[in-house]
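Chemist: Return atomic coordinates for the entry below.
(one chain, ligands or ions: 1)
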Amino acid sequence: MFSLGITELNTGYTQNGRFCSLLPFHKTLGTLIEIQVNSTSNKLSYMRILFIFLILGSLQVNAQLPAASCKNINEIAVMEQAAHQRIITGPNTITNITSASNNYDVKYYRCEWEVDPAVRFITGKVTLYFVVTTASNNIQLDLMNALTVDSVKQRNLLLTKQHSNNTLSVDFPAMINAGVLDSIAVFYKGVPPNNGFGSFETTTHAGTPVMWSLSEPYGSRDWWPCKNGLDDKADSIDILVTAPAQYKSAANGLLQSETLVAGGAKKLTYWKHRYPIASYLVCFAVTNFAVFNNSVLLGSTSLPMQTYCYPENLASFQNGTQNTLNAMQLFHSNFGDYPFINEKYGHVQFSWGGGMEHQTATFVVSIDESLCAHELGHQWFGDKVTCASWEDIWLNEGFATFLAAFYMENKYPNNILNARRSVINNITSSPGGSVWVDDTSNVGRIFDGRLSYNKGSYLLYMLRWKLGDAAFFNGLRQYQKDTKIAYGFAKTDDLKRNLEQASGQNLTEFFKDWFKGQGYPSYNVQWTQVGKEYVNIKMNQTTSHASVDFFELPVALKFKNATQEKTIVVDNKTNGETFFKNIGFIADTVLIDPEYWLVTKNNVSAKVPDAAAGQNIVQVFPNPVADHFYIYLRKMVANTATINLYNAAGQRLYTRTASLVNGSEYLEIPAQYLPKGVYFLKINAGDFKFVKKLLK
Ligand SMILES: [Zn+2]
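Modeler: Numbering: from 1, shown residues only. This next block holds a predicted model:
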């Protein structure tokens with residue numbers, strides 16, 4: 001078994017396992033660090049405090065001080081479901097998966113792990129910096145019972161601890177006041193619980209051992225003590241992995257050093273990450289990685305891109321990485337700055353059948369183009385802005401799916417219609433289902449490919465269509481920068497607020513229908529040609545699910561004949577609503593939503609004759625007239641109609657003769673030049689005479 005000869009963690013490491021002595025910044029802090037801080041102080045001030053600690057070599061620092069995923073969407077969803085299935089097997093339900101106390105705010109983790117990828121075992125020391133938020137003499141972390149906690153120390157003091165119910169409870173000798181920054185170090189070891197597609201995996205590739213982590217959503221506690229929930233990001237982390245010297249270790253952030261230790265038998269690899277990070281995005285992987293570097297220009301910044309892949313796949317990763325660099329530039333310019341621009345982006349190959357968006361170090365099974373675009377998209381949506389609850393998982397997965405599609409559409413415009421149609425077909429393969437996760441105890445429901453991924457991505461398609469590109473992309477960039485959620489956690493209302501601010505539109509009804517509501521509309525478009533240029537359109541809609549009685553949407557209609565076509569948009573707000581539109585020609589047929597911006601199914605249309613009863617029908621509106629008024633001539637018996645407009649003094653101000661098509665015409669009459677007053681409109685069509693008094 002893997003023990004690395006470490007037998008006495010309570011009194012510190014002996015020889016081989018002596019992590020502390022290997023740390024570049026290891027010092028001993030002789031004085032208690034008590035920094036009174038307002039609990040609402042911003043993260044930056046804490047970051048600065050940490051940096052100062054890390055930099056000041058003169059400080060005496062004890063060991064504990066300063067210091068999903070995805071291919072084809074349905075495959076991705078199935079894989080992500082499999083990865084998460086473990087959390088509802090066994091005694092734990094998804095709702096009690098974290099029991100860490102909420103009386104402290106995590107500031108920093110220093111994770112020191114010693115592993116051998118050939119052996120399923122971890123020896124670790126995790127140093128936690130935290131600010132107590134309510135005066136307390138106890139805090140609780142998440143850590144599975146399967147791991148053994150050897151000791152918990154605060155500076156040189158051994159603390160009293162209890163480890164049961166997958167909770168590590170730590171008592172302090174005295175009360176810690178609210179606002180005080182303090183720290184503890186947890187020394188532990190053991191075999192992480194094995195849950196199939198687990199959070200901590202060992203296997204082989206081409207005969208070589210490989211070890212990796214994949215903690216989403218609640219698997220961090222399977223292998224390290226932390227806050228396991230979706231409510232507290234550390235401001236920064238350091239990760240130090242000691243492994244047999246023939247391997248390389250990958251993790252989040254920037255590589256600081258690789259140092260041979262234990263007489264050259266082992267290698268200590270130090271990764272440093274100075275951005276807020278959720279526990280499930282903390283990662284490491286160890287094997288005989290081949291490593292290569294690229295860079296990509298983002299504005300004036302040259303961002304390093306670092307790849308750790310299996311040597312047997314080096315060529316394919318080298319060939320495929322440019323796609324990710326292109327996607328990086330596309331996302332950076334459309335969705336806001338790459339969130340970790342002061343550090344790097346990276347690919348780390350693993351053998352799980354998909355990808356996982358570990359912050360700055362995405363794990364991927366292959367260099368598949370859309371998989372890599374999906375995981376890259378998560379750096380903005382999922383990592384920088386993380387869903388605050390499983391109800392809102394679409395803020396991670398719908399967005400990543402949308403960003404991957406956005407990249408693929410940019411690169412392969414000829415595939416757009418087919419790709420969109422197949423996604424819509426998947427969404428509408430069942431009449432119900434909401435993007436909002438209505439049952440968060442069901443992992444299959446949370447990671448439902450049809451709803452959280454595809455329908456979630458289509459909420460974004462429809463918002464882009466409804467708001468227009470400028471407001472939509474501005475809104476998303478604002479959402480990324482929103483100080484309430486940036487580098488933190490977001491709910492759907494946070495997205496709504498930012499899109500409303502950017503567009504000036506009220507989106508309450510949209511989110512009611514499309515986020516919480518279920519199903520989709522089916523359109524029945526009845527239209528009548530009016531004269532030579534106009535169409536009269538009646539928009540009827542049925543919905544597939546009773547939770548929504550009507551979907552208010554702008555709908556594109558493409559009118560065609562053998563040689564001409566024109567697409568117009570009707571902003572359809574009520575069922576049976578009618579529209580007059582000038583298409584400029586006599587059409588034969590209409591296509592509904594020809595570019596597939598909307599989730600719809602079973603749409604039908606029909607060109608119908610005017611259904612009005614009677615003959616020689618004239619409608620004039622509005623009255624009083626505005627800058628224009630309209631004359632709708634229907635079922636006229638004659639072939640032509642003469643229109644004259646007189647003022648109250650009997651002077652003719654306007655005249656026009658219209659030839660009628662099938663007895664109809666729709667005329668727009670200019671009226672902006674008319675002074676306020678009374679007017680008389682006279683229409684003669686054969687024997688038919690019509691007079692109407694108009695006001696302006
Ligand atoms: Zn994903």
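Chemist: Whatever residue of the stretch 151-300 of the chain ends up closest to the ion and residue 187, how far apart?
Modeler: Residue nearest to the ion within the stretch 151-300 of the chain: residue 216 (8.9 Å; CB to the ion). Every residue, glycine included, has its C-beta placed from N, CA and C. Residue 216 sits at a distance of 26 Å from residue 187 (criterion: CB to CB, to the nearest Å).
Chemist: and what of residue 662?
Modeler: From residue 662 to residue 187 the distance is 88 Å (CB to CB).
Chemist: neighbour-wise, which of the two wins?
Modeler: residue 187 (26 against 16; other CB atoms under 10 Å).
Chemist: can you map out the strands along the stretch 351-500 of the chain?
Modeler: For the stretch 351-500 of the chain, the strands defined by DSSP state E, counting those that start in this stretch occupy 355-356, 362-364, 385-387, 488-490.
Chemist: How much space separates the closest residue to residue 461 other than its chain neighbours from residue 422?
Modeler: Distances taken as CB to CB, 6 or more residues apart in numbering place residue 597 nearest to residue 461, at 5.8 Å, with adjacent residues excluded. To residue 422, residue 597 is 15 Å away according to CB to CB.
Chemist: before we move on, back to that, what about the residue of the stretch 151-300 of the chain closest to the ion, how many neighbours?
Modeler: 25.
Chemist: next one: residue 584
Modeler: What residue 584 shows, counting by other CB under 10 Å, is a neighbour count of 13.
Chemist: Isn't it up against residue 533?
Modeler: Yes. Taking CB atoms under 8 Å as the contact criterion, residue 584 and residue 533 are neighbours in contact, 5.2 Å apart.
Chemist: host element of the residue nearest to residue 104 when sequence neighbours are not counted?
Modeler: Nearest non-adjacent residue to residue 104, counting by CB to CB, 6+ apart: residue 130, 4.3 Å away. Counting by DSSP states H and E, the element that carries residue 130 is strand 119-132.
Chemist: Can you list the strands that that strand pairs with?
Modeler: Neighbouring strands of strand 119-132 in its sheet, by DSSP bridges, are strand 104-116 (antiparallel), strand 181-190 (antiparallel).
Chemist: Could you list the buried residues of it?
Modeler: Buried residues in strand 119-132, counted by 16 or more other CB atoms under 10 Å: 119-132.
Chemist: Please, where are all the helices along the protein?
Modeler: For the chain, helices defined by DSSP state H occupy the ranges 43-55, 73-85, 314-335, 369-380, 394-411, 416-427, 443-446, 456-467, 469-481, 492-503, 508-511.
Chemist: out of those, nearest to residue 114?
Modeler: helix 43-55 (21.6 Å; CB to CB).
Chemist: So for that closest one, mean pLDDT?
Modeler: Confidence for helix 43-55, expressed as mean pLDDT, is 35.
Chemist: for stretch 328-342, same thing?
Modeler: pLDDT averaged over stretch 328-342 gives 98.
Chemist: For the residue of the stretch 151-300 of the chain closest to the ion, give its distance to residue 582.
Modeler: Taken as CB to CB, the span from residue 216 to residue 582 is 53 Å.
Chemist: how close does residue 157 get to residue 150?
Modeler: In terms of CB to CB, residue 157 sits 15 Å off from residue 150.
Chemist: er, residue 441 I mean
Modeler: In terms of CB to CB, residue 441 sits 35 Å off from residue 150.
Chemist: If you count surrounding residues, which of those two has more?
Modeler: Ranked by neighbour count (other CB under 10 Å), residue 441 and residue 150 place residue 150 first, with 19 against 12.
Chemist: what are the bridge partners for the residue nearest to residue 623 when sequence neighbours are not counted, then?
Modeler: Once flanking residues are discounted, residue 623 sits nearest to residue 694: 5.4 Å by CB to CB, 6+ apart. Taking DSSP bridges, one obtains residue 679 as the residues bridged to residue 694.
Chemist: OK, contacts around residue 694?
Modeler: Going by CB atoms under 8 Å, 6 or more residues apart in numbering, residue 694 touches 620, 623, 624, 625, 629, 645, 678, 679, 680, 681.
Chemist: mind giving me TSV with those residues and columns for pLDDT, distance to residue 467 and neighbour count?
Modeler: Below are the contacts of residue 694 laid out as TSV (pLDDT from 0 to 100; distance: CB to CB, whole Å; neighbours: other CB atoms under 10 Å):
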residue	pLDDT	distance to residue 467	neighbour count
620	96	35	18
623	95	34	14
624	95	33	11
625	95	33	21
629	95	32	22
645	96	40	21
678	96	43	12
679	97	40	21
680	97	44	15
681	97	40	21
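Chemist: so which of these would you say is closest to the ion?
Modeler: For those, the nearest to the ion is residue 629 (54.5 Å; CB to the ion).
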